[in-house]
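Curious how this folds, go ahead:
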Amino acid sequence: MAKLQVAIDLLTTKEALALAAKVAPYVDIIELGTPLIKNMGSAVITAMKNAHPDKLVFADLKTADAGELEADVAFTAGADLVTVMGAAGDATIIGAVKAAKAHGKGVVVDTIGYPDRVRRAQEVSKLGVEFVELHAGLDEQWTDGYSIQVLIDEAARVGVPVSVAGGVNISNVVAVVEAGAKVIVAGAAIYGAEDPAAAAKELREAIDAV
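Numbers count the residues shown, from 1 in each chain. Presented below is the predicted three-dimensional model:
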């Protein structure tokens, strides 16, 4: 069954913890966004893991170099999963995977900005990563003509374990699941909702019904 990941693109530990407390009953993975970690440091990882020890805490580091070192910092702080950029060299990904194995944790490769997400996902899946994120970032989503359908199509043909992030909401989540994504990443659809808990619950129920 597909997992639901909430992407917390807020800027303070207090805000992140407040949101997580509301949606935790409905999500499997709590993602700490890159701006949040840059603003608050690795302490926010520890705070979130302490608050939700039963959830997977995803540190969206978007590491581009020093893979083993940066991953080790995050895992030591309590992260269960960290991201390395798909555009990074294989050595960086391999280094992060080495740290993950030492901690019994996992690495996710983020394909944001990569020109051929499918090809890169297939390449890096051979390096020992948990899964690959087919990701259209906020800047890409705001581009005229963007549609999440491109990610749905990629997920359907990639042939390796992937998550999908880039505008998931209640109107398209079933299509994302049916395309074969193992993790469904929802950000604004949850944290931007008037009632984040209700939004997360609705997504959870839609995923489970597929």
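
pull the helix or strand with minimum mean pLDDT from this structure.
When each helix and strand of the chain is scored by mean pLDDT, DSSP states H and E, helix 138-141 comes last, with a mean of 92.

Give the next helix or strand downstream of that one.
Where DSSP states H and E defines the elements, the next helix or strand beyond helix 138-141 is helix 149-158.

Could you pull out the buried residues of that next one?
Using 16 or more other Cβ atoms under 10 Å as the test for burial, helix 149-158 gives L151, I152, E154, A155, V158. From N, CA and C alone the C-beta is placed, and that goes for glycine too.

what do you get for stretch 62-69?
Buried residues in stretch 62-69, counted by 16+ other Cβ under 10 Å: K62, T63, G67, E68.

ok, back up a step: pipe the buried residues of helix 149-158 into CSV and attach distance to D54 and pLDDT per row.
Formatted as CSV, the buried residues of helix 149-158 follow (distance: Cβ to Cβ, whole Å; pLDDT from 0 to 100):
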residue, distance to D54, pLDDT
L151, 29, 98
I152, 30, 98
E154, 31, 98
A155, 27, 98
V158, 30, 98
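
So of these, which two are at opposite extremes in space?
I152 and V158 (11.0 Å; Cβ to Cβ).

Roughly how far does G33 sit from A165?
11 Å (Cβ to Cβ, to the nearest Å).
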